[in-house]
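Undergrad: Task: produce atomic coordinates for the following.
(one chain, ligands or ions: 1)
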Amino acid sequence: MSGTWDEHARDWDDNPDVRAYADKAFASLKEHTGPAIGANRYGRVLDFGCGTGLLSEKLAPVAGQIVAIDTSSAMIDVLKSKSIENVIALCVDIDAPSTVNLPALGQPFDLIVASSALAFVPDYRTIVGNLVPLLREGGLFVQWDWLKSGDGGFGLTSAEISAACKDAGLADTRVLEAFVMEGMGDAMTVLMGVGTR
Ligand SMILES: C[S@@+](CC[C@H](N)C(=O)[O-])C[C@H]1O[C@@H](n2cnc3c(N)ncnc32)[C@H](O)[C@@H]1O
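TA: Numbers count the residues shown, from 1 in each chain. Got it, this is the predicted structure:
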């Protein structure tokens, strides 16, 4: 489905930068949202743009069930090969009409995470609008994305994240500078957007 990302799947987990990103995202999730969820149990989780599941792997021991979705079949194949008991890995496009009826998406989620995924979708605001109704009332939405540098730069701005979350009906929205990635040339800031349905 996604040729470009498919090409990265086999070597994805060998990249220390993407592993470090997942480590820092998980640490920031615990720091900023753990108390709100309670006892550090994340219940039913949707990992949007899960890739090979680096974040799902960390969430699995502290979650009930994780549904991990991605449009790259090769990324999903790598995640499936990890055979994580409480992770359902699916190659689906959340925008496709048939996706709405998938049994795995039928029950509301306590938490939706999107780690370095939403800046890569063609229509960010539409996808956030499609994801938020999958949360239970009071459920948490959390995304991490590169802070956009300048006009036309890659990533998302704090204002873009804030507007998309508010448009999708999230409350208590916050955009934080979650962490900085070093060692990738320039230091790059990662924003964390958080909101409650
Ligand atoms: C930078 S990778 C991040 C993967 C993973 N979240 C991680 O942190 O290792 C971006 C991921 O977003 C996925 N992606 C891009 N567009 C997508 C879409 N429309 N729906 C679902 N996943 C998408 C890609 O296939 C890729 O696996």
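
Undergrad: Please make it C-alpha for all contacts and neighbour counts, starting now.
TA: Fine.

Undergrad: So what would you say the end-to-end distance of stretch 104-117 is?
TA: In stretch 104-117, first residue to last residue: 20 Å (CA to CA, to the nearest Å).

Undergrad: Same question for stretch 61-81.
TA: Criterion CA to CA; first-to-last residue distance in stretch 61-81 is 18 Å.

Undergrad: What of stretch 75-92?
TA: 12 Å.

Undergrad: residues making contact with it?
TA: 5-6, 8-10, 51-53, 56-57, 60, 64-73, 99, 104 (CA atoms under 8 Å, 6 or more residues apart in numbering).

Undergrad: Among those, name the ones in strands.
TA: 65-70 (DSSP state E).

Undergrad: got those as JSON lines, with pLDDT, distance to Glu85 and neighbour count columns?
TA: Listed next are the ones in strands among the contacts of stretch 75-92 as JSON lines, based on pLDDT from 0 to 100; distance: CA to CA, whole Å; neighbours: other CA atoms under 10 Å:
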{"residue": "Gln65", "pLDDT": "95", "distance to Glu85": "9", "neighbour count": "19"}
{"residue": "Ile66", "pLDDT": "96", "distance to Glu85": "10", "neighbour count": "26"}
{"residue": "Val67", "pLDDT": "98", "distance to Glu85": "11", "neighbour count": "20"}
{"residue": "Ala68", "pLDDT": "98", "distance to Glu85": "12", "neighbour count": "29"}
{"residue": "Ile69", "pLDDT": "98", "distance to Glu85": "16", "neighbour count": "25"}
{"residue": "Asp70", "pLDDT": "98", "distance to Glu85": "18", "neighbour count": "25"}
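
Undergrad: if we can go back for a sec, which among the contacts of stretch 75-92 are in contact with the ligand?
TA: Among these, proximity to the ligand is found for 5, 51, 70-72 (CA under 6 Å from any ligand atom).

Undergrad: what about the longest helix anywhere in the chain, distance to the chain center?
TA: If you go by DSSP state H, the chain has its longest helix at helix 16-37. Relative to its chain's centre, helix 16-37 lies at 11 Å (CA atoms, centre = their mean, to the nearest Å).

Undergrad: for that helix, which positions count as buried?
TA: 21-22, 24-26, 28-29, 33, 37 (16 or more other CA atoms under 10 Å).

Undergrad: Kindly report the same for stretch 173-182.
TA: Neighbour-count burial for stretch 173-182 [16+ other CA under 10 Å]: 173, 175, 177-179, 181.

Undergrad: cool, and stretch 72-86?
TA: 72-80, 84, 86.

Undergrad: In helices, which of those residues fall?
TA: 73-80.
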